[in-house]
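Asks: Any chance you can model this:
(one chain, ligands or ions: 1)
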Amino acid sequence: MKCSSCGTGRLEPSYFEGLFACHSCSSCEGDLILLGDFMRWQELNPESDFSPIAEVEVVLEDTSRAMICPLSGTIMTKYRISADTEHRLDLSPTINAVWLDKGEWDLLKKQGLANQLNAIFTNHWQREIRAVETSEVLKELYERKFGEHYQQIKAFKNVIDTVGNRSEVIAYLLADDPYKVSS
Ligand SMILES: [Zn+2]
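Replies: Residues are numbered from 1 along each chain as shown. Sure, this is the predicted structure:
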């Protein structure tokens with residue numbers, strides 16, 4: 001089967017890292033993995049751990065172009081892997097096959113995500129990434145709005161959140177002069 005990533009190599013049956021079945025391209029060194037194979041292997045080897053590798057230089061190609069699944073012939077969907085990187089992985093949604101470009105497995109290991117390859121493609125995982133990004137955007141917005149007082153305001157919010165009479169504290173803060181009874 002022809003490699004739809006590089007268009008020149010052929011995908012041949014192989015073993016991913018010598019562990020479970022995959023198809024590998026002899027030319028671009030990409031791999032096509034059925035998530036079912038990955039999960040079955042993980043079930044049989046529960047003690048396995050693709051520990052994070054910190055000191056590896058990960059070289060990645062641009063992955064912005066759409067990829068056709070070499071098995072099903074359908075367009076693959078791109079999924080963000082974490083909030084820390086814009087990098088996305090290709091999934092063939094009809095057959096749950098992941099395409100890993102050369103270097104992408106190293107990137108997953110480096111991010112400590114290789115053990116969770118299958119989880120990346122769930123709605124929950126993708127929602128979490130968006131939630132982290134939203135919270136970072138809001139943090140920047142508050143930093144801009146509150147300027148030098150941001151840390152103090154934040155610390156004070158933590159105080160208010162723990163007191164029992166929160167609304168009274170807020171009323172005190174909002175009053176022009178809390179030591180006068182308004183007429
Ligand atoms: Zn290839």
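Asks: domains of the protein?
Replies: Per automatic domain parsing, the structural domains of the chain span 11-119, 128-174.
Asks: hey, least reliable of these by pLDDT?
Replies: Here the lowest mean pLDDT among those goes to domain 11-119, at a mean of 90.
Asks: Can you confirm whether that domain lies near the ion?
Replies: Yes. Residues of domain 11-119 contacting the ion under C-beta under 5 Å from the ion: Cys25, Ser27, Cys28. Using the backbone N, CA and C atoms, a C-beta is placed for each residue, glycine as well.
Asks: who wins for most neighbours among those?
Replies: When neighbours are counted by other C-beta atoms under 10 Å, Cys25 leads the residues of domain 11-119 next to the ion with 25 neighbours.
Asks: still on that earlier bit, could you export the domains of the chain as a markdown table, including distance to Met1?
Replies: Formatted as a markdown table, the domains of the chain follow (distance: least, C-beta to C-beta, whole Å):
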| stretch | distance to Met1 |
| --- | --- |
| domain 11-119 | 5 |
| domain 128-174 | 32 |
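Asks: ranking those domains by burial, who's on top?
Replies: domain 11-119 (a mean of 16; mean count of other C-beta atoms under 10 Å).
Asks: distance between it and the chain's centre?
Replies: 13 Å (C-alpha atoms, centre = their mean, to the nearest Å).
Asks: Without its sequence neighbours, what residue ends up closest to Met8?
Replies: No, residue 8 isn't Met; it's Thr. Ser27 (5.0 Å; C-beta to C-beta, 6 or more residues apart in numbering).
Asks: for the one you found, what are its contacts?
Replies: Ser27 sits next to Cys3, Cys6, Thr8, Gly9, Arg10 when contact means C-beta atoms under 8 Å, 6 or more residues apart in numbering.
Asks: At the geometric centre of this protein, which residue sits there?
Replies: Nearest residue to the geometric centre of the chain (C-alpha atoms, centre = their mean): Ser82, 2.0 Å.
Asks: Look through this protein and tell me its longest helix.
Replies: In the chain, assigned by DSSP state H, the helix with the most residues is helix 123-146.
Asks: before we move on, the earlier item: quick check: the gap between the residue nearest to Thr8 and Gly7.
Replies: In this view, Ser27 and Gly7 are 9 Å apart by C-beta to C-beta, to the nearest Å.
Asks: bridging residues for the residue nearest to the centre of the chain?
Replies: On the basis of DSSP bridges, Ser82 is bridged to Thr85.
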